[in-house]
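J.: sequence first, predicted coordinates after that:
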Amino acid sequence: QVQVVESGGGLVQAGGSLRLSCVASGRGLSTYAMGWFRQAPGKERRFVAAINWSGTSINYTDSVKGRFTISRDGAKNTIYLQMNSLKPDDTAVYYCARGAKSFTSDQLRDYAYWGQGTQVTVSS
């Protein structure tokens, strides 16, 4: 059984930083991509970033390029999302997900297993 557990959310002032972590367990981890999505109140869940387990393919949504960095530690079955220069618009519940495919898709339908989410709040 695949499990995905996020941690690291919190409250931060605009311009600050947070690092989210996501531990994945289960079979086939080295085969599939992992991604971060976020959902703000009253809005749809949207893609943030994705990485394959070899780290050779990374994908970001335009609004976080240059501010967020996704990375992985294969030995720990963990991926990270380093978030710098945070803005109030980054406020959302952040979800980690294990993909159903090997490529770094930005589509929700390409992710099969989801964590419970971690709240990130950026104050102005």
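T.: Here it is on my side, so go on.
J.: so where does the most centrally placed residue in the chain fall, helix or strand?
T.: With distances taken as C-alpha atoms, centre = their mean, the residue of the chain nearest its centroid is residue 36 (2.2 Å). Using DSSP states H and E, residue 36 maps to strand 34-39.
J.: now the element after that strand, going C-ward?
T.: strand 46-51.
J.: give the buried residues for that next one.
T.: 47-51 (16 or more other C-beta atoms under 10 Å). Every C-beta, even on glycine, is put in place using the N, C-alpha and C of the backbone.
J.: for the residue nearest to the centre of the chain, name its beta-bridge partners.
T.: residue 49, residue 96 (DSSP bridges).
J.: quick one: residue 19 and residue 81 touch, right?
T.: Yes - proximity of residue 19 to residue 81 meets the contact threshold set by C-beta atoms under 8 Å, at 7.0 Å.
J.: please say which of these two ends up with more neighbours.
T.: residue 81 (26 against 14; other C-beta atoms under 10 Å).
J.: residue contacts, the more buried one?
T.: For residue 81, the contact set (C-beta atoms under 8 Å, 6 or more residues apart in numbering) comprises 19-20, 22, 36, 48-49, 68-70, 94.
J.: could you do residue 3 as well?
T.: Residue 3 sits in contact with 24-26, 113, where contact means C-beta under 8 Å, 6+ apart.
J.: and for residue 102?
T.: Here residue 102 is in contact with 31-33, 52 (C-beta under 8 Å, 6+ apart).
J.: lowest-confidence one in those?
T.: In terms of pLDDT, the lowest of these is residue 31, showing 82.
J.: burial of it, as a residue count?
T.: For residue 31, using other C-beta under 10 Å, the count is 12.
J.: from here on, count from 24
T.: Right, with 24 as the first residue, what we last looked at is residue 54.
J.: that one against residue 76, yeah?
T.: Yes - when contacts are counted by C-beta under 8 Å, residue 54 is listed as touching residue 76 (7.4 Å).
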